[in-house]
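Participant: My questions concern the predicted model and sequence given below.
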Amino acid sequence: MILVGTASWADKNLIDSGLFYPAHVKTPSDRLGFYAGQFPLVEVDSSYYALLSERNAALWVERTPPGFLFDVKSFRLFTQHQTPPNVLPADIRAALGPVGKKNVYYRDLPEELRGELWLRFRSALKPLKEASKLGVVLFQFPPWFVYRRSNFEHIAVCAQLMEGFRIAVEFRHRSWFEDKHCEETLEFERSRGLTHVVVDEPQGFANSIPSIWEITSSEIAVVRLHGRNREAWNQKGFESSTDRFNYLYSADELRDLADSIQKLGARTRETHVLFNNNFGNFAQRNAADLQHLLVKH
């Protein structure tokens, strides 16, 4: 089973473009309903910026048809990204006390507060999981999260704390797949039941990961497509982060990807393919075209 979707259905750039949602589709609930009529899968990116609420997850269950799946991105603090204190729940902020810097990191929080955040994150996922609408929980680590023993250990802790959920791991530093590190990284994921995320993205940078079409779980594979805009990949100063993903895959590129995806999908029970080239309606256009190609195959 190969499911195709996009990263987010509520991206401001997508809504403002007017190129995907019909004019009468104006509310968040209507947008999700319309999106779910086009694709069987979506990635939730808002959960990276702030903790997902159990109420929102329950509403998503109600607003989507049976079989629709949500892949949910991990909260940023857990993946060792910089986290502004004001995105933490109010009681957690109060318990943390005054913070004399712009951002906090995972290591800055006492163990009991980290534990409470993990508890709330898992709890918020329950409505999706109980309705069989939760795909994977995506842990996308930052470019400064490089190949090193302590970082392996952190991933192992995340996997342990998320026991019972399907976890997918995406790296953003090439050191994880350089030379002999590649097989070690894949074997680490296999041994813990973690899903290796296959990426397609611009190459030639330290934060570029090669496309490694391998599976580490017989249950599920995940492919995330970021576009191939080399000029914008590490450019600073964009008005919107979507400018970084200003890339529309060509018909030939999609045909090549469809072939690789089919071969990957033959080796695992379920395959999720998510377009993250979220500039205007590029992701939705490419996702629709790829769905068509996969049906033809």
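Facilitator: The structure has been received and is ready for your questions. Numbers count the residues shown, from 1 in each chain.
Participant: name the element Gly204 belongs to?
Facilitator: Using DSSP states H and E, Gly204 sits within no helix or strand.
Participant: my guess is it contacts Arg230, does it?
Facilitator: Yes - between Gly204 and Arg230 there is a contact at 6.9 Å, judged by Cβ atoms under 8 Å. In this view, the C-beta of every residue, glycine as well, is placed from N, C-alpha and C.
Participant: of these two, who's got more company?
Facilitator: Arg230 (15 against 8; other Cβ atoms under 10 Å).
Participant: Leaving out chain neighbours, which residue sits closest to the more buried one?
Facilitator: Pro202 (4.2 Å; Cβ to Cβ, 6 or more residues apart in numbering).
Participant: now do Thr6
Facilitator: Ala283 (4.0 Å).
Participant: does that neighbour belong to a helix or a strand, and which?
Facilitator: With DSSP H and E as the test, Ala283 turns up in helix 282-296.
Participant: show me what contacts the residue nearest to Thr6?
Facilitator: Contacts here follow Cβ atoms under 8 Å, 6 or more residues apart in numbering; on that basis Ala283 touches Thr6, Ala7, Leu14, Phe275, Asn276, Asn277.
Participant: List the ones among those that fall in helices.
Facilitator: Counting by DSSP state H, the part of the contacts of Ala283 found in helices is Leu14.
Participant: Keep only those of the contacts of Ala283 that are in strands.
Facilitator: Counted as lying in strands by DSSP state E, out of the contacts of Ala283, are Thr6, Ala7, Phe275.
Participant: neighbours of the second one, just the number please.
Facilitator: Just to be clear, that refers to Ala7. 22.
Participant: Which strand residues bridge it?
Facilitator: Going by DSSP bridges, Ala7 is paired in beta bridges with Glu43.
Participant: Is it in contact with Phe279, as I believe?
Facilitator: No - checked against Cβ under 8 Å, the pair Ala7 and Phe279 is beyond contact range at 11.6 Å.
Participant: measure the residue nearest to Glu189 when sequence neighbours are not counted to Val169 for me?
Facilitator: Sequence neighbours aside, Thr216 is the residue nearest to Glu189 in space, at 4.0 Å (criterion: Cβ to Cβ, 6+ apart). Look at Thr216 and Val169: by Cβ to Cβ, to the nearest Å, they are 9 Å apart.
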